[in-house]
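Undergrad: Attaching a predicted model along with its sequence, questions to come.
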Amino acid sequence: MFQKARRKLSVICCFTMAWIVLIIVLCCLHVSEKNMYGQVKALFFLQANTISSDLYASKNISIEWYMRSTGNAQNALSIETGGVPSTLTSVALPQEKQALIQDVKKAIHLAANQGEVSSPIKNIPGTGTVSSKMEQDFFEYTSGKERFLVMDARFFEKEREVDVLYLYSLGSFLQDVRTQRLWFGFIWLASILGLYLFSYLFTSHVLQPLIQNDERQKQFIAFASHELRSPLAVFRTGLSLLKNNPGTEKSQRIFSLLGNEMSRMERFVQDLLCLASMELAGLQFQAQEASLAELLQSIYERYAPLAAQRQLSLTLSIEGQEGYPCLCDPQRIEQAVVILLDNALSYTPAGQQVTLRLFRLRAKCCIQVIDTGIGIPDAEKGNIFGRFYRADPSRSQKGHFGLGLSIAKEICRAHGGRISVCDTDGGGSTFTFPIHHAPGP
Ligand code: ADP
């Protein structure tokens, strides 16, 4: 399910970003092509004006000048004096270029008479800088795949009109544009691939907490069903035994067994509800001023007989004379301390010691439950606060579901502290429950 969502999210993410990148690429391309065209036009104006001024001044007009002025073989220059092509033009201009010159002339003539609409000739703004006695017009001419910038200039020399037509080929500019477009297209496609990989990794990072949560929920349900199945099996067997042995001594024992299972199940469901309510809306606290010293004293008095029954010595140690007044939820604190105490009494063998300690550490009041029992291996210390976790399932006792410490952890967190565990000197475990401040609203 998450794999599908991950792929979908990656595609959506990549698709959206690809569009954004495409728009950016197109804008860059547009700006770059405009600049390139501007540079080509500037070069054309420079060459056209040089040709015009050289001709106007009749300066060294030779075949070398002609070849130099036209620039490259794609360009063409036609000079006519009194309507007759100059010898230079007839010699230097190849046949196909002469035909092209005629086409351009016709197009300019037609455009002048009929306007530029659907004509291969388009006027481009530009002014001649040679002389006021010289007329210069500039155009763009398109024929099939070929495009030219055109200068049409005329002036009078010895009462004869000199007509100059200069065609500057845009072939290499168009080639540059095509190459640039190909590069941009390639970069865009490569960026899509990169974006997809990035989106895939990014979405996996985003979905990670959801996957973990889903995993935890599945585990939670699996453990909960497992824990509920065994008492139900006991009920089923117990009821069928009761049916077959009504009113006998055996039935009395079955009744008490079912009662025990019932209390176990009740406690388990209570733990589950407690954790579920913490998940849904956070803990419901009723903060009030309470004396932690009195609270621990009352817990101690209730648990001392149980400890004695298990042949354990339970001691209460409260540092100083103060009552440890604290703004907290005493019932929740009691719930957490009872969980820790219950564990200490369960995991400490007979003849050993359990201590309930209260002391101050800077601004915090700290409750410690210290036992000299079986202890917790270092590798397990980080896990025992997880749900349904039992350090060693084989040694876990009936009525222990692996939920107690996760409840205590949440209660501690809501009181601004962080529950921790360390080894007791000489063996056993010491749990520290700091209470930092009153729970938030
Ligand atoms: P449980 O109900 O199984 O005791 P907890 O969440 O309270 O669940 O504790 C988780 C696990 O941590 C226990 O199963 C046990 O293995 C270990 N543990 C908790 N307290 C102690 C302790 N005082 N001494 C040794 N092991 C402990």
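TA: Perfect, I can see it now.
Undergrad: chain center to the longest helix along the chain, what's the gap?
TA: Secondary structure of the chain per DSSP state H: the longest helix is helix 171-244. Between the centre of helix 171-244 and the centre of its chain there are 14 Å (C-alpha atoms, centre = their mean, to the nearest Å).
Undergrad: what mean pLDDT does it have?
TA: Averaged over helix 171-244, pLDDT sits at 86.
Undergrad: got it, and stretch 411-428?
TA: 92.
Undergrad: quick one: contacts for the nearest residue to residue 367 once chain neighbours are set aside?
TA: For residue 367, ignoring the flanking residues on the chain, the nearest one in space by C-beta to C-beta, 6 or more residues apart in numbering is residue 433 at 4.5 Å. (Each C-beta comes from the backbone N, C-alpha and C, glycine too.) Residue 433 is in contact with 336, 337, 340, 366, 367, 368, 369, 408, 412, 417, 419, counting by C-beta atoms under 8 Å, 6 or more residues apart in numbering.
Undergrad: Can you tell me the SS state at residue 433?
TA: strand (DSSP: H, G, I helix; E, B strand; the rest coil).
Undergrad: try residue 60
TA: Local secondary structure at residue 60 is given as coil here, using three-state DSSP.
Undergrad: Tell me how far it lies from residue 357.
TA: Residue 60 is 110 Å from residue 357, where distance means C-beta to C-beta, to the nearest Å.
Undergrad: ditto for residue 185
TA: Separation of residue 185 from residue 357 (C-beta to C-beta): 73 Å.
Undergrad: which of these two has more neighbours?
TA: Comparing residue 185 with residue 357 by other C-beta atoms under 10 Å, the one with more neighbours is residue 357, at 17 against 13.
Undergrad: Does the more buried one touch residue 370 like I think?
TA: Yes - at 6.3 Å, residue 357 counts as touching residue 370 under the criterion of C-beta atoms under 8 Å.
Undergrad: Would you pull up the residue in the stretch 151-300 of the chain closest to the ligand?
TA: residue 271 (8.2 Å; C-beta to the nearest ligand atom).
Undergrad: So which residues on the protein come close to the ligand?
TA: Counting by C-beta under 6 Å from any ligand atom, the chain comes close to the ligand at 339, 343-344, 347, 371, 373-374, 376, 384, 389-392, 396, 400-406, 429.
Undergrad: From those, list the buried ones, please.
TA: The neighbour-count test (16 or more other C-beta atoms under 10 Å) applied to the residues of the chain next to the ligand identifies 339, 343-344, 347, 371, 373-374, 376, 384, 389, 391, 400-406, 429 as buried.
Undergrad: Just the ones in helices from those residues, please.
TA: Taking DSSP H as the definition of helices, these contribute 339, 343, 344, 404, 405, 406.
Undergrad: What is the three-state secondary structure of residue 139?
TA: At residue 139 the chain is in strand, as set by three-state DSSP.
Undergrad: I'd say it and residue 120 touch.
TA: No - in this structure residue 139 lies outside contact range of residue 120 using C-beta under 8 Å: 9.2 Å.
Undergrad: can you list residues touching both of these two?
TA: With C-beta under 8 Å, 6+ apart applied, the contact sets of residue 139 and residue 120 do not overlap.
Undergrad: now for the longest strand along the chain, which elements pack on it?
TA: Looking across the chain with DSSP state E, the single longest strand is strand 146-157. If contacts are counted by 3 or more C-beta pairs under 8 Å, 6 or more residues apart in numbering; DSSP states H and E, strand 146-157 sits against helix 2-56, helix 95-114, strand 135-143, strand 160-169, helix 171-244.
Undergrad: do that again at 6 Å, thanks
TA: When contacts are defined as 3 or more C-beta pairs under 6 Å, 6 or more residues apart in numbering; DSSP states H and E, strand 146-157 packs onto helix 2-56, strand 135-143, strand 160-169.
Undergrad: will you turn the ones you listed into a markdown table that also has mean neighbour count and distance to residue 218?
TA: Putting those into a markdown table (neighbours: other C-beta atoms under 10 Å; distance: least, C-beta to C-beta, whole Å) gives the following:
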| stretch | mean neighbour count | distance to residue 218 |
| --- | --- | --- |
| helix 2-56 | 15 | 12 |
| strand 135-143 | 18 | 69 |
| strand 160-169 | 20 | 72 |
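Undergrad: Between these, which one is closest to residue 314.
TA: Of all those, helix 2-56 sits nearest to residue 314, with 48.7 Å by C-beta to C-beta.
Undergrad: The closest one vs strand 146-157, what angle?
TA: Relative orientation of helix 2-56 and strand 146-157, computed by axes from the mean of the first three to the mean of the last three C-alpha atoms, to 10 degrees: 20 degrees.
Undergrad: Skip ahead from helix 2-56 and say which helix or strand is next.
TA: The helix or strand immediately downstream of helix 2-56 is helix 63-70, counting by DSSP states H and E.
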